[in-house]
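> Coordinates for the following, if possible.
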Amino acid sequence: MGSSGKFLQNIIKTVENHTSTLGYEILNEPQIHSVDQWEKIGKYNTFMANELRKMTNKTLVFDMAIPLQIHNLKINATSENMLKMLPQNYNNILFKISLYGIPTTGSYQEQKLNLLRGVSNQSGVQLYIGEWNDLSTEERNDVETQDVKELIEDVSDLNQTDANIMTKKLKEIGAWGWAFWNWNYLHDSTPDFNLITVSVNGELKTTKYFEILKNAIANS
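Below is the predicted model:
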């Protein structure tokens, strides 16, 4: 087993018995740059899942690949190709995806969600939305790539209406669960998306996004 596998083994030994540990993410957002790499990721996920199953029965999470360029024939990001990423053993696994915009009719985010739902529907593996928010960039379609464009701060501002739309959508599609981006008490390049702030003396204060999220959950 390689260094990444031993690293995960050490993590499991450390946190497996904590009730707060729900499961383990195999590999965060693997990159894909050619169509033959879907199957290669699947082989890696299968190997890692088999090894980790020797140590844990908790949920294993495998990720969508990036960049997710829907019309790029070089990577041919179809649901059928993405299915090749799944570990061969489907026992207690989740498919983790991210949404950085509201999936309105005809939008890139809607196309992306429909594509990723296809993987879930065809495999029976439930979706976990590991990150979601409403970000605006110079080129939103490239938000998952390594060449992330500068955020347009004046329009990257989650509001109550869009938060309600998103949480209802996630409930509608039957998502296993989701996590809001960004929960971070440390300094961040986009601090206004944080749910809390921490003062110099360590006092925690919720931001307006905490209230927006709380209301959205209550109304979904």
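> in this protein, which spans are helices?
For the chain, the helices defined by DSSP state H cover 3-15, 37-52, 79-82, 108-123, 160-172, 208-219.
> which helices and strands sit right next to the fifth one?
The criterion is 3 or more C-beta pairs under 8 Å, 6 or more residues apart in numbering; DSSP states H and E, and the helices and strands that helix 160-172 contacts are strand 126-132, helix 208-219. No exception for glycine: its C-beta is placed from N, CA and C like everyone else's.
> And that helix, how far out from the chain middle?
Centroid separation for helix 160-172 versus its chain: 16 Å, with C-alpha atoms, centre = their mean, to the nearest Å.
> pLDDT below threshold where in the protein?
The model of the chain has pLDDT under 70 over residues 1-5, 136-156, 183-193.
> list the contacts for residue 46?
By C-beta atoms under 8 Å, 6 or more residues apart in numbering, the contact list for residue 46 reads 87-89.
> can we see that at 6 Å?
By C-beta atoms under 6 Å, 6 or more residues apart in numbering, the contact list for residue 46 reads 87-88.
> Ok, residue 204 next?
By C-beta under 6 Å, 6+ apart, residue 204 lies in contact with 196, 198.
> Make 194 the first number, not 1, from now on.
Okay, using 194 as the starting number, the last item reads as residue 397.
> now it: how far from residue 213?
19 Å (C-beta to C-beta, to the nearest Å).
> try residue 199
For residue 199, the distance to residue 213 - C-beta to C-beta - is 23 Å.
> So which of those two has more stuff around it?
Higher neighbour count among residue 199 and residue 213: residue 199, with 11 against 5, using other C-beta atoms under 10 Å.
> picking that back up, out of the helices of the chain, flag the one nearest residue 295.
Ranking those by proximity to residue 295 (C-beta to C-beta) places helix 353-365 first, at 5.0 Å.
> rewinding a little: now the helices and strands packed on helix 353-365 as a markdown table including mean neighbour count and distance to residue 375?
Output for the helices and strands packed on helix 353-365, formatted as a markdown table (neighbours: other C-beta atoms under 10 Å; distance: least, C-beta to C-beta, whole Å):
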| stretch | mean neighbour count | distance to residue 375 |
| --- | --- | --- |
| strand 319-325 | 21 | 8 |
| helix 401-412 | 15 | 9 |
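> Nearest to residue 222, out of these?
Here strand 319-325 is closest among the helices and strands packed on helix 353-365 (C-beta to C-beta), at 9.1 Å.
> What helices and strands are in contact with that closest one?
With contacts defined as 3 or more C-beta pairs under 6 Å, 6 or more residues apart in numbering; DSSP states H and E, the packing partners of strand 319-325 are strand 286-292, strand 370-373.
> highest average neighbour count across those?
Most buried of the helices and strands packed on strand 319-325, by mean neighbour count (mean count of other C-beta atoms under 10 Å): strand 286-292, with a mean of 22.
> That strand to helix 353-365, inter-axis angle?
Interaxial angle, strand 286-292 versus helix 353-365 (axes from the mean of the first three to the mean of the last three C-alpha atoms, to 10 degrees): 160 degrees.
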